[in-house]
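Participant: Structure for this input, please:
(one chain, ligands or ions: 1)
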Amino acid sequence: MKIIKPLPSGLGPADCFTGVVIVDAVRNPDENSDTGCAHVRFTPGARTAWHKHPKGQTLYVTDGVGYVCQREDAVKEIRAGDVIVTEANEEHWHGAHPKHFMAHLAIHGADEDGNTAVWLEHVSDEEYNNL
Ligand code: MN
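Facilitator: This next block holds a predicted model:
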């Protein structure tokens, strides 16, 4: 057993997120496992850019109310306790409700090059409000 003290919380980079997003790494892929996990907190209105995961992703909503969306589909509301599974290379975004915080654990595998996500364009306000 080992207890790992947390790394400092990081601000989600502006290339990948809209609004204020705080990311805490739980584990990064390493020689023991290609699974990465992060706890991500979104302030109201904040969201990821469009992106996809080469090995897919599982989200577990730990707090609050948020949105998730895949291409060619309407925005769907998510709440604490929901589990969202995206298949490999399925383009999507996730984020907070306009008036509520949302936090989730994000669990994803790394590909042969160590990549867990491929980032695309930002989510427009029109797309974000397409409930
Ligand atoms: Mn994702």
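Participant: partners of the lengthiest strand in the chain, with directions?
Facilitator: Secondary structure of the chain per DSSP state E: the longest strand is strand 57-70. Strand 57-70 has the following sheet partners, assigned by DSSP bridges: strand 76-79 (antiparallel), strand 83-86 (antiparallel), strand 92-96 (antiparallel), strand 102-109 (antiparallel).
Participant: which one of those strands is the most hemmed in?
Facilitator: Among these, strand 92-96 has the highest mean neighbour count (mean count of other Cβ atoms under 10 Å), at a mean of 24. From N, CA and C alone the C-beta is placed, and that goes for glycine too.
Participant: Do you know the pLDDT at the closest residue to Y60 other than its chain neighbours?
Facilitator: In space, and not counting its chain neighbours, Y60 is closest to L105: 4.5 Å by Cβ to Cβ, 6 or more residues apart in numbering. Looking at L105, its pLDDT stands at 98.
Participant: Over to P6?
Facilitator: Looking at P6, the pLDDT reads 88.
Participant: burial of the nearest residue to it once chain neighbours are set aside, as a residue count?
Facilitator: Leaving aside its sequence neighbours, P6 sits nearest to D24 (Cβ to Cβ, 6+ apart; 6.2 Å). Residues contacting D24 under the criterion other Cβ atoms under 10 Å number 16.
Participant: Quick check: which element contains D24?
Facilitator: strand 21-27 (DSSP states H and E).
Participant: Tell me the helix or strand right after that strand.
Facilitator: Downstream of strand 21-27 (by DSSP H and E), the next one is strand 35-42.
Participant: What is that following strand packed up against?
Facilitator: For strand 35-42, the elements it packs on are strand 21-27, strand 57-70, strand 102-109, judged by 3 or more Cβ pairs under 8 Å, 6 or more residues apart in numbering; DSSP states H and E.
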